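Peer 1: give me the fold of what follows.
(2 chains)
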Amino acid sequence: MTTTTSPVEPPQAELTQAPFSTATRRAGEYSRRPYDTLGIAWLNGSFQAAVFRRQVAKWAWTSSTPVRTPEEFEVALDQALVELRFGGTEVFLILEHDAFVHQPEQAPAFSEAAARAYLRGRVERFEKEHEPVLWVSQPTVSARKEATFLLHLLPTSFYNRINGVLLERHLDLARILPLAVPLQLILPVLTQGKDRPVLVAADTGEATTVMVAQPDGQLLFARTMLARWEVDPARIGVEINRSVLYAKQQFSAVIDALWLLGTASEAAQTEVQARCGAGKEILVRNSTPLEWMEAVAKLTPRHPINLVAGYLSRKRRHQLIRRTIISVCWISLVCLGLDTWARVQEWTAQSQRFHALEKNHGSMLAERDRLVLRNAEMQRQRDFIRQVSEERLPAVPSRFLGYVASILPAEAHLNESSVKWDDGTKKWSFHLDGQVEGDEDTGRELIDAFQKTLSHSALRAKINPGARSLVPVTSSGLEASAAQRFSLEGTLFEE
Amino acid sequence: MKNNPSSHLKTCWQVLTEVPGWNDAPIYARLARSLPIVFPVFAILALVSWRSGYGAPRAEAEHAALQPLLGLDAEISTLQMGASQAQVADLNQRSASSSRLLVSGPKELPALLQELKTTLHSSGWDATFQVGEIIEESPEASPTQITFLPVRGKLKAQASNQDRFSSLLAALDRLSAYGKRIDLTRVAIRADESRWQAVEVNLRFVCSVLDAKTPQ
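Peer 2: Numbers count the residues shown, from 1 in each chain, chains lettered A, B, ... in the order given. Okay, here's the model as predicted:
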């Protein structure tokens, strides 16, 4: 394989305006950056590569020989890496290849889930008939009530081969996009002021890709013709005319503007004008794969048409898991380290305390004995104070006598009164013996009242019923006396 | 195959050692990539092993060996917390106050009883006292430190004492409020139609057990 490269010289103009077939560099800016992105447009045998820094193309290189197989791709890639001195890891690929199939499908339109299930079924059938594929569906405009899609099917073996080539060179394939995507992206620029569908015919290596879409980018259909307008412009003109008619027939779309994109598109303009009839606006633009790569470079890797979006999502998830585990490990290590340090400090302090205790063992024993004696002496003093001061007998006898004298009925007087403390029962007992003037009933009433008052007083006297007596005073004669002798016994401070 | 442990382990290995842009990186690159995880994990294991295998057992062994000493220290702390210096001083003061309520022994009684007679005489009563036998306090939960010196007395109202009952109550109160602890354990009054026959009182003084056992 031979490649066309340019000498390493300062660029003559801005990169987007530089010839695409040369590796172009800006003076003084050529340095490897780990976060640069490598864009590759591998379109039906053509191979272009460009280095993007912050989504802006900096250097580009193109292979002058056809690149059709993965083996040729590998050689071209090596050449591009050498020429571009690419220092990053991320790569995106705009791919059009015989192995990359674009298959229109019509799915049930009543729900998205049903459409997805239908498409999955179609893919499974395709895989059963051919081989496992990476696939992604791209919705297209439907003229009927069905949901229509363009299935992009890339054989897994092909992907693994390409990805393996990249992995061997520490390159990470982040995006694989069909050409329809960048064409859709540049469509709004081409169709400013237009409201009808347009046809875009792009020169893509050894083939021509035709795409019909709304001015806002909504895709009607796309097809690839293995013909170049440099070689066979008549056939290109016929195929473009067929596409125009197909759009009118299937989508009722009247196309009056046709864009021819490519370096040699002017050569086909006359032929296309002749084949498609009058009234069509034929526009030519020297659009290159570099322009398409610049459009793709601005896309997020999560773009829905990215064939390896799932892979990237999984990779991002793995990175998150890895970073989380690393964070947890380091945080745990720091926490454990701090805790261990605190424990060591604690153990050291404890050890020092132990040594101090060992050193003072004798004085501690003496201190313990002193404190034991002190506390025993305090307890003895407490007992002493309690026995002397708190267990002192109150002046109950004088209070009792005074109270009895105050409540004794006027008709009564006492002959004997005693109050006594019993150490055995720890109780005060009393005995009253006296005489009350009046008959028996009167005497009983008076004594009852006296007894009741005594019981309800602060002295809380409890009369012993067996010791209570009330008997008439007998005189020497037989007539009844008008006085009654009474006797009361009991205890004080009863509950 | 999804539940195959080796498959899971392989996935974990690939996730943890993933080299960006180099999915089939060789083992040395993956090992280098795993260092940010392996290092803290080994450091954690080393720390845990050191703590559980050396640090903690050593501290526990030291703690166990010095347990009696720690027990002694704890005992001293507990004993110290039993009372503060202020409490000790307060207790000494109260104990001294209580001591002043005691009589020093039977030998002090005659002088005290003479004082009581004088006091009661001034209240209109003539008193005679007879010292009884020392009462041994019944042992309770705490050993007794005091004993009682019983005294029996008879009070006779002076002829000039017109208000005998009130003066008797006042005399009894003065006994209770005396500078020494005097427990009035019994008062018995007998009277006939017009005059008092007798007033008997039983008192007890308090002295310390040691003083009571001192030979007189």
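
Peer 1: rest of the way, CA atoms for contacts and neighbours
Peer 2: Noted.

Peer 1: surely residue A:94 is in a strand?
Peer 2: Yes. Under DSSP: H, G, I helix; E, B strand; the rest coil, residue A:94 sits within a strand.

Peer 1: does it have beta-bridge partners, and which?
Peer 2: Listed by DSSP bridges, the beta-bridge partners for residue A:94 are residue A:41, residue A:177.

Peer 1: so it sits right up against residue A:40, yeah?
Peer 2: Yes. If you go by CA atoms under 8 Å, residue A:94 and residue A:40 touch, sitting 6.2 Å apart.

Peer 1: what about stretch A:379-395, start to end distance?
Peer 2: With CA to CA, to the nearest Å as the measure, stretch A:379-395 spans 28 Å from end to end.

Peer 1: which is the next helix or strand following the biggest helix by length in chain B?
Peer 2: Identified as the longest helix of chain B according to DSSP state H is helix B:27-50. As assigned by DSSP states H and E, the chain's next helix or strand after helix B:27-50 is helix B:56-65.

Peer 1: send me the longest helix of chain B as PDB with only the CA atoms.
Peer 2: What follows is helix B:27-50 as a C-alpha-only set of coordinates in PDB (Å, rounded to 0.1, in the frame of the first residue of the first chain):
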ATOM      1  CA  ILE B  27      -0.900  -8.600  33.100                       C
ATOM      2  CA  TYR B  28       1.900  -6.100  34.100                       C
ATOM      3  CA  ALA B  29      -0.100  -3.200  32.900                       C
ATOM      4  CA  ARG B  30      -3.200  -4.400  34.700                       C
ATOM      5  CA  LEU B  31      -1.200  -5.000  37.900                       C
ATOM      6  CA  ALA B  32       0.100  -1.400  37.700                       C
ATOM      7  CA  ARG B  33      -3.400  -0.200  37.100                       C
ATOM      8  CA  SER B  34      -4.700  -2.100  40.100                       C
ATOM      9  CA  LEU B  35      -2.200  -0.500  42.500                       C
ATOM     10  CA  PRO B  36      -4.600   2.300  43.600                       C
ATOM     11  CA  ILE B  37      -6.900  -0.500  44.800                       C
ATOM     12  CA  VAL B  38      -4.300  -3.100  45.900                       C
ATOM     13  CA  PHE B  39      -2.200  -0.800  47.900                       C
ATOM     14  CA  PRO B  40      -5.000   0.500  50.200                       C
ATOM     15  CA  VAL B  41      -6.500  -3.000  50.500                       C
ATOM     16  CA  PHE B  42      -3.100  -4.500  51.600                       C
ATOM     17  CA  ALA B  43      -2.500  -1.500  53.900                       C
ATOM     18  CA  ILE B  44      -5.900  -2.100  55.400                       C
ATOM     19  CA  LEU B  45      -5.200  -5.800  55.800                       C
ATOM     20  CA  ALA B  46      -1.800  -5.000  57.300                       C
ATOM     21  CA  LEU B  47      -3.300  -2.500  59.800                       C
ATOM     22  CA  VAL B  48      -6.100  -4.900  60.800                       C
ATOM     23  CA  SER B  49      -3.700  -7.700  61.100                       C
ATOM     24  CA  TRP B  50      -1.300  -5.600  63.200                       C
END
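
Peer 1: and it with chain A, contact?
Peer 2: Yes. Residues of helix B:27-50 contacting chain A under CA under 8 Å from any CA of the partner chain: B:36-37, B:40-41, B:43-44, B:47.

Peer 1: so which bits of that helix are buried?
Peer 2: For helix B:27-50, the neighbour count (16 or more other CA atoms under 10 Å in any protein chain shown) marks B:30-31, B:33-34, B:36-38, B:40-41, B:43-44, B:47-48 as buried.

Peer 1: next, work out how far apart residue A:228 and residue B:70 are.
Peer 2: Using CA to CA, residue A:228 is found at 98 Å from residue B:70.

Peer 1: could you point out which element follows the helix or strand of chain A with the lowest mean pLDDT?
Peer 2: Ranked by mean pLDDT, DSSP states H and E, the weakest helix or strand in chain A is helix A:265-276, scoring a mean of 74. Remark: after helix A:265-276, the chain's next helix or strand is strand A:281-285, criterion DSSP H and E.

Peer 1: direction included, what does that next one pair up with?
Peer 2: According to DSSP bridges, strand A:281-285 forms sheet pairs with strand A:257-261 (parallel).

Peer 1: centre of the chain versus the strand it pairs with, how much separation?
Peer 2: When distances are taken as CA atoms, centre = their mean, to the nearest Å, strand A:257-261 is centred 49 Å away from the chain's centroid.

Peer 1: rounded mean pLDDT for stretch A:155-166, please.
Peer 2: Throughout stretch A:155-166, pLDDT has a mean value of 89.

Peer 1: would you list every one of the helices in the chain?
Peer 2: Went with chain A since none was named. Using DSSP H, helices in chain A cover A:70-84, A:112-129, A:156-168, A:180-190, A:233-251, A:265-276, A:289-297, A:309-359, A:361-385, A:396-407, A:440-455.

Peer 1: wrong one, I was asking about chain B
Peer 2: With helices called from DSSP H, chain B shows them at B:5-16, B:27-50, B:56-65, B:67-82, B:85-99, B:109-122, B:164-176, B:209-213.

Peer 1: buried deepest among those helices, which one?
Peer 2: Of these, the one with the most neighbours on average (mean count of other CA atoms under 10 Å in any protein chain shown) is helix B:164-176, at a mean of 18.

Peer 1: for the residue nearest the centre of chain B, give its distance to chain A.
Peer 2: Nearest to the mean C-alpha position of chain B, by CA atoms, centre = their mean, lies residue B:82 at 7.1 Å. Going from residue B:82 to chain A by CA to the nearest CA, to the nearest Å gives 7 Å.

Peer 1: ok, that residue - contacts?
Peer 2: residue A:375 (CA atoms under 8 Å, 6 or more residues apart in numbering or on different chains).

Peer 1: same check, this time on residue A:191
Peer 2: In this structure, residue A:191 makes contact with A:198, A:215, judged by CA under 8 Å, 6+ apart.

Peer 1: run the last query once more with 6 Å
Peer 2: With contact taken as CA atoms under 6 Å, 6 or more residues apart in numbering or on different chains, residue A:191 is in contact with residue A:215.

Peer 1: outline the domain layout of chain B.
Peer 2: B:5-63, B:106-213 (automatic domain parsing).

Peer 1: so which of those comes closest to residue A:134?
Peer 2: Closest to residue A:134 of those, according to CA to CA: domain B:5-63, at 18.3 Å.

Peer 1: what's the span of the closest one, first residue to last?
Peer 2: One end of domain B:5-63 sits 45 Å from the other (CA to CA).

Peer 1: gap between it and the chain center?
Peer 2: Remark: domain B:5-63 is offset 59 Å from the chain centroid, using CA atoms, centre = their mean.

Peer 1: repeat that for stretch A:130-142.
Peer 2: 33 Å.

Peer 1: how about residues contacting it?
Peer 2: For stretch A:130-142, contacts defined as CA under 6 Å, 6+ apart pick out A:148-156, A:219-220, A:305, A:307.
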